[in-house]
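1. fold the following.
(chains A and B)
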Amino acid sequence: MGERIELVKRAFAGEAVERIPVMAHNFMMAVKEAGLTHREFRENPDAMFRAMTEATIKYDLDCVLLDVDTALLASACGADVTYPDDMAAVAKSEQPVPLDELPDKLESVDLLASPRIQRYLEAARRLVEWGEANDRFIRINADQGPFSLACILAGMDEFLMDLLDEDYEEDINRLLDATYKVSLRMHELCFATGAHMTSYGNSSEGCSVISPAMFRQFAKERETRLAADLKARGIPFLCHICGDVNPILADLVETGCPAYELDWKTDAARVFEIAHGKFTLSGNVDPALFVIGSPDNVYAAAKKVCDLFRGKGGLVLCSGCALGPQTREENLRAFVRAARDA
Amino acid sequence: MDLALISERLQAGKAKEVKALVQQALDEGVPALAILEQGLMAGMNAVGVRFKNGEAYVPEVLVAARAMSKGAEVLKPQLAADGVKATGCVCLGSVKGDLHDVGKNIVKMMLESKGLEVVDLGIDVPPETFVQTVRERHCQIVCCSALLTTTMGVMGDVVKALEAAGLRDQVKVMIGGAPVNEAFCKEIGADFYTADAARCAEVAAAICSGRQP
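-> Numbering: from 1, shown residues only, chains lettered A, B, ... in the order given. Sure thing, here's the model as predicted:
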C-alpha cells in the first residue's frame, strides 16, 4: 500500500500522523477546470474520471472524493430532479409522491437499475484502479444519508413541517427506515468498487435546519444504527453535515460514526475539545474564503485548524463543504501548502 | 378579542386556529390593520426573534409562516377595502441554478411580517428577471438567496445586470444564504448581507422607511 493511502487511513483512524493529509471537496471546480459541463461530467464515467484525476494531480491532493450532486439517490428513487447543463443536478423542493406512500415505493427501488448510479460506480471503479497505481486514497460519496434523503423525497418544506405534527410521526419513521435501507445499500455498492472509504451527506439533520431535540427524536438513532451496520460490513465511512452542529457535538460522539465532515459553521476548537479521540474531523475552512479570500487568508484559516490538531491526530484537512466552481486556483494551492507545512 | 391570542397561536403554528381567530376578530369589528400588526405580524416577529437567537429552527418557522399565510388570506380583502398599503416593495428569489427555497420562503414571510409587499420570483431566477421586476414593480429592494457555493456567484451577476440596466441607484441589493458573508457582499458590490431572515426583514423595513439599517 502506498504511503499516502496509508497516511490517510491512519489519519481517519484517529492516529497522530507525521503530516496532516488534505482532501478537497472539489468536484465543481474540477468540472470547470477540465473544461466540462456538469451534464458531460455526470453523464460520462470517462469525464468524471478525467476531471477528478487531473485535479488531484494538479493540486497534489492526498485523496480523491467522487461526488456529482446531491440528487443521485433521489433520482434513483423517482424524485423530481432537474439536470442543468452548467450546474449540478438538484432535486426540486416539491415532490410528487405523498409521505405515506413513499416507504412502499422505496421497497422496490433497485439502485443498480439507475443509469446514473451505473455511470457513477463505473467512474468509481476506474478511480480506485488509478488510486492504487498513483497512491491516492479514494473516497466515494454514497450521496444522501437517511434523514436528508427523506427530506428530499418528501419535499423539504412539507417534511420539515410534518416533523412537528405527531399525526405524521409513524409515517415519518417508516420513511426514515426506508431511506435508511436505500442509504445502506448505496454504501455497499460504493464500497464494492474497492474504495477506501464511503461517505454520506446528512446536512438536513444539523442545527441550521432542525433543533437538537428533533435530531435526537428522528435522526440520531438511525445515524447510530448506520454506523454500527457499516462497521459490521467493514466499510470505513464518514458523515458530512454542513451548517451548525455545535449544539449536537456530544450527540455525534455517541453515534459511533468514526469521522464527521463539518464546515466552518462548527467551531473546530469545540470539535477538538469534545470529540478528539472519538471521531476524526474532516474540515473545516469556509468554501467562500476560497472564492473571495486571498491565498494568505486561506493559508491562515487552514493553518488555524491544523494547529489545533497538529501532532495529536484526528484531522483530515478539508473545506468541509463543496468548493464552488469560482474557487481560485491559488487559494486551493495555499490550502494544500498549509497542510504540508503543518 | 385579545389579539395576543392570534399571535400566540401563530407562533405555535396552528394555521386553522389562526384563520378562525382572524375571521372572528373581523366579525367582532376589530380593524384589519390592528389584526395584522398586533396579531399576525407580532406573532411572526416573535418567531423571527427566536429563530435569530437559535431558540426556534426551520420547521417552527415554516409552520408559523404557514399559519400567517392562512390568516393573511382572510385579512387581505378587508385590508384592501380599508386602503392599507404596504410600506415598501421587495423582489426576492433564489438565484439562477439554485432550486432551494426553504430559506427564501422564510425570508419572504419575515418581510411580509414587516408590512412589506414581496414579489416572490421563486427559484432558479436569472439576473434579467430581477431587473425586469424592479423596472415593472418599482421595487426598492432586491433580495437574492443562494444555498450553494455553486450559485453564489450569480448574485454578482444580478448586481451587474442592475447596473447595466441603469437601475442600480434605484434599489438596494441584499444577499443571504449559507455560503455568503459580508466580505462576499462587498466583493460583488451588493449593499447588505444579513445572516438570518429576521435581520433581513429588519434591514429591509429600515430601508423602505428611510431609516438607517
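
2. for chain B, just list every one of the helices.
-> Secondary structure of chain B (DSSP state H): helices at B:3-11, B:15-27, B:32-34, B:42-52, B:58-81, B:102-112, B:127-137, B:153-164, B:182-188, B:197-208.

3. and the third one, what's buried?
-> Neighbour-count burial for helix B:32-34, with 16 or more other CB atoms under 10 Å in any protein chain shown as criterion, is recorded at B:32, B:33. Yep, even glycine has a C-beta here, placed from its N, CA and C like the rest.

4. tell me the mean pLDDT for that helix?
-> If you average the pLDDT over helix B:32-34, you get 92.

5. which helices and strands sit right next to it?
-> Packing contacts for helix B:32-34, counted by 3 or more CB pairs under 8 Å, 6 or more residues apart in numbering or on different chains; DSSP states H and E, involve helix B:58-81.

6. could you export the least confident helix or strand in chain B by mean pLDDT as CSV, CA atoms only?
-> Ranking every helix and strand in chain B by mean pLDDT, DSSP states H and E puts helix B:102-112 at the bottom, with a mean of 85. Extracted C-alpha coordinates of helix B:102-112, given in CSV (Å, rounded to 0.1, in the frame of the first residue of the first chain):
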residue,chain,number,x,y,z
VAL,B,102,-36.8,26.9,2.3
GLY,B,103,-34.6,29.8,3.3
LYS,B,104,-36.1,32.1,0.7
ASN,B,105,-39.6,31.3,1.9
ILE,B,106,-38.7,32.1,5.5
VAL,B,107,-37.3,35.4,4.4
LYS,B,108,-40.5,36.1,2.4
MET,B,109,-42.7,35.6,5.5
MET,B,110,-40.4,37.7,7.6
LEU,B,111,-40.5,40.5,5.1
GLU,B,112,-44.3,40.3,4.9
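
7. packing partners of that helix?
-> Where contact means 3+ CB pairs under 8 Å, 6+ apart, helix B:102-112 is packed against helix A:156-162, helix B:42-52, helix B:58-81, strand B:89-94, strand B:117-120, strand B:141-145, helix B:197-208.

8. need the ones you listed in TSV with mean pLDDT, can you?
-> Conversion of these to TSV gives the following (pLDDT from 0 to 100):
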stretch	mean pLDDT
helix A:156-162	92
helix B:42-52	89
helix B:58-81	90
strand B:89-94	95
strand B:117-120	94
strand B:141-145	95
helix B:197-208	92
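
9. now those in TSV, with mean neighbour count?
-> Below are the helices and strands packed on helix B:102-112 laid out as TSV (neighbours: other CB atoms under 10 Å in any protein chain shown):
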stretch	mean neighbour count
helix A:156-162	21
helix B:42-52	21
helix B:58-81	21
strand B:89-94	26
strand B:117-120	19
strand B:141-145	29
helix B:197-208	23
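
10. can you put those in JSON lines and add distance to residue B:128?
-> Below are the helices and strands packed on helix B:102-112 laid out as JSON lines (distance: least, CB to CB, whole Å):
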{"stretch": "helix A:156-162", "distance to residue B:128": "27"}
{"stretch": "helix B:42-52", "distance to residue B:128": "31"}
{"stretch": "helix B:58-81", "distance to residue B:128": "29"}
{"stretch": "strand B:89-94", "distance to residue B:128": "12"}
{"stretch": "strand B:117-120", "distance to residue B:128": "15"}
{"stretch": "strand B:141-145", "distance to residue B:128": "12"}
{"stretch": "helix B:197-208", "distance to residue B:128": "23"}
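
11. find the nearest non-adjacent residue to the closest residue to chain B within chain A, please.
-> Of all residues in chain A, residue A:324 sits closest to chain B, at 3.4 Å by CB to the nearest CB. Nearest in space to residue A:324, with sequence neighbours left out and distances taken as CB to CB, 6 or more residues apart in numbering or on different chains, is residue B:149 at 3.4 Å.
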